[in-house]
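Chemist: sequence first, then the predicted structure, then my questions.
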Amino acid sequence: MADGVETQQHAIETILLEERRYPPPEDFASQANAQPEIYDRDFDEFWETEGRERVTWFEPFDQLYEWEPPYAKWYLGGKLNVCFNCVDRHVEAGNGDKVAYYWEGEPEDERRELTFSDLQVEVVRFANGLKKLGVKKGTPVAIYMGMVPELPIAMLACTRLGAPHTVVFGGFSAESLSGRMNDMECEYLITQDEGWRNGGKVPLKQNADEALEQSPTVKQSVVLRRTGEGPVMKEGRDVWWHELVEGESDDPQSCPCEPMDSEDLLYLLYTSGTTAKPKGIVHTTAGYLVGVASTHYYIFDIKPQSVYWCAADVGWVTGHSYIVYGPLCNGTTGVLYEGVPNYPDKDRWWAIVERYKVDTLYTAPTAIRSHMKWGPEHAEKHDLSSLRLLGTVGEPINPEAWIWYREHIGGDRTPVVDTWWQTETGMILITPLPGVTTLKPGSATKPFPTVDAAVYDEQGSEVGPGGGGYLVLRRPWPAMLRGIYNDDERYRETYWSKYEDVYFAGDGARIDEDGDFWLLGRVDDVMNVSGHRISTIEVESALVDHQKVAEAAVCGRADPTTGQAIVAFVSLKGGDEGSVEMLEELRDHVATKIGKIARPANIVFTPELPKTRSGKIMRRLLRDVSEHRKLGDTTTLADPTVVEEIKERAESEKGAAEE
Ligand code: WTA
């Protein structure tokens, strides 16, 4: 793949230049949960032990796993409940008074502290309420909320009843929401009136209303009152959360945790692929829970007194695995923050770290680069000495940002773990272990113990040290996806067709002389904007859906803060030239179809798109244009002059709609 080659060349340079090394500090290493011997452990022994120790079973499993490529099953024969593991058992063990979440609303005066007992009370009452509405084992439920405690409470209530959920990120549009609810055939929706974001309000219920018009399977919706601004409640369909739970018992016995089979569906989470239709990634119960709890314990070196903050949104997989299920299973105290990092000011995060004495912070490179842009003075206003470990996820981190994070946030003291994984993998798979690994800024270093990751070339041969190619996984792992919901063919095609019986991750990677992995970004038509996956085709479909658009091609270009920014090339019907108004209209249109995160940063109007003789749009050339590079090979183009013309237009319109 041509652009793979380019990023790889860039990466070779990065690796050559990056010679800084950070061995684990001695005092960290000596007390770390993961010691060097962990890498010698036997695959079966490791996961059998983790399975027994990390979770509590109603009935023990009798077979560790079964691998019939491309489908795996784990902990066969076992029975357990996720909510029991995340909530009830901690209360039963006498840890009910321990804080589960410190929550801060975006408006500064709103704070809540929920202990594990509080969490149990809330979950039981809400689960009883859901039960009254008719939710039971196997009922598919959609959740569309902001970052409020009721979001994990809703997820846990579903798992208590054995009802699989799909959480839809609150930044997605009504259409995205209804698309997901229809695919899963959801029967209930849990939402809220409005969310707070950047000092403004997000009309969640209004979006939900629009979505519900297109989602005939949904019978009822539950609405949490957050801002109090009265949405229109539809008689017979919508019920208030607070009215639903009124008078419901909070006695755990009144709503026992449903014993679930290890392989029962836990949730679907939709993610972008190389077509316009998001994929419903399937995660089941036991393997997922063991996988996330185990990785959380070792990688973040979790101790009973840890105060851990993963500053992602629960609506993404990072939030599912490392705000809700992993940490709660481990009985960890966490922080949950509703809003943006710069509200009301750019030091908000650091005030939170100081207030709760956060010792572990896990976030995305794009956030780190924003803080970097705002300057270190905001962090300097606060005492961050409680921090002992930092983590990143979601996209490759450039060494400068890594170093900045360590120096200005970690006091040049804390290890930084760069963790690679995906919605599909469920759990972290390539990562340093903070007490063991010598860190290299920009490298995710080594596969987690027992994980068999490798880099393959186009022909499927393993690439040795110093080489680059495609990241693959050759052995199953407990939290791996169990398929794409209702789409076996797409599952096989997407992940298992490039190489036989080997999982193809869709990422480019290099291995250095020490065997450390350097992730290079996507090799398919998926963009990574602020750590969020968006497919080029999804945005193109949204654009051509507009009545004035004849054709559209979308690509990502490098962006210093968001990693990639979306650039669209659009030709309008009837040879129309385009205008600034049209540009804004199209950006809004994409926001309505998918969500604001997918809104192109720039749109270039062009009478024609560069195509090969077989009619395929040449995105590589568009990427060259949008990144102002010398153009690559244009000889396969049907009409090579087209791209020159686009180039001129792009340059004359450069920056027209940059944010
Ligand atoms: C990218 C997020 C480099 C990668 C957990 C992957 C990374 C996609 C890293 C998955 C990392 C994630 N270094 N790239 N540490 N972590 N990625 O499904 O391209 O939202 O395929 O899961 O993010 O994104 P997803």
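Modeler: Looks like it arrived, so ask away. Residues are numbered from 1 along each chain as shown.

Chemist: where is the longest helix in this structure?
Modeler: Ordering each helix of the chain by length in residues (DSSP state H) puts helix 116-133 first.

Chemist: and it, what's its mean pLDDT?
Modeler: Along helix 116-133, the predicted local confidence has a mean pLDDT of 98.

Chemist: so what secondary structure elements neighbour whatever helix or strand comes next after it?
Modeler: Downstream of helix 116-133, the next assigned helix or strand under DSSP states H and E is strand 141-144. Contact analysis of strand 141-144 by 3 or more C-beta pairs under 8 Å, 6 or more residues apart in numbering; DSSP states H and E lists helix 150-161, strand 165-167, helix 174-184, strand 188-192, helix 204-213 as its packing neighbours. Using the backbone N, CA and C atoms, a C-beta is placed for each residue, glycine as well.

Chemist: contact partners of strand 141-144?
Modeler: Contact with strand 141-144 is made by 130, 135, 151, 154-155, 158, 163-168, 170, 172, 177, 180-181, 184, 186-191, 204, 207-208, 211, 218, as judged by C-beta atoms under 8 Å, 6 or more residues apart in numbering.

Chemist: just the C-alphas of it, formatted as PDB.
Modeler: Once side chains and other backbone atoms are set aside, the C-alpha atoms of strand 141-144 remain, and they are given as PDB (Å, rounded to 0.1, in the frame of the first residue of the first chain):
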ATOM      1  CA  VAL A 141     -31.000  -2.300  25.300                       C
ATOM      2  CA  ALA A 142     -29.500   0.900  23.800                       C
ATOM      3  CA  ILE A 143     -27.900   3.500  26.000                       C
ATOM      4  CA  TYR A 144     -27.300   7.100  24.800                       C
END
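
Chemist: so what's the closest residue to Lys98 other than its chain neighbours up against?
Modeler: Once its chain neighbours are removed from consideration, Lys98 has its nearest residue in Phe116; the separation is 5.6 Å (C-beta to C-beta, 6 or more residues apart in numbering). Taking C-beta under 8 Å, 6+ apart as the contact definition, Phe116 lies against Val87, His90, Val91, Asn95, Gly96, Asp97, Lys98, Val99, Ala100, Gly331.

Chemist: buried only: go through these for me.
Modeler: Val87, His90, Val91, Gly96, Lys98, Val99, Ala100, Gly331 (16 or more other C-beta atoms under 10 Å).

Chemist: got TSV for those, with distance to Ala454, secondary structure and pLDDT too?
Modeler: Output for these, formatted as TSV (distance: C-beta to C-beta, whole Å; DSSP: H, G, I helix; E, B strand; the rest coil; pLDDT from 0 to 100):
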residue	distance to Ala454	secondary structure	pLDDT
Val87	39	helix	99
His90	38	helix	98
Val91	43	helix	98
Gly96	45	coil	98
Lys98	41	coil	98
Val99	41	strand	99
Ala100	39	strand	99
Gly331	35	coil	98
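
Chemist: give me the below-cutoff pLDDT ranges for the protein.
Modeler: Of all residues in the chain, those with pLDDT under 70 make up the ranges 1-17, 635-636, 653-659.

Chemist: name the residues of it found near the ligand, please.
Modeler: Taking C-beta under 6 Å from any ligand atom as the criterion, the chain approaches the ligand at residues 271, 316-318, 393-396, 418-423, 444, 505-507, 519, 521-522, 528, 533.
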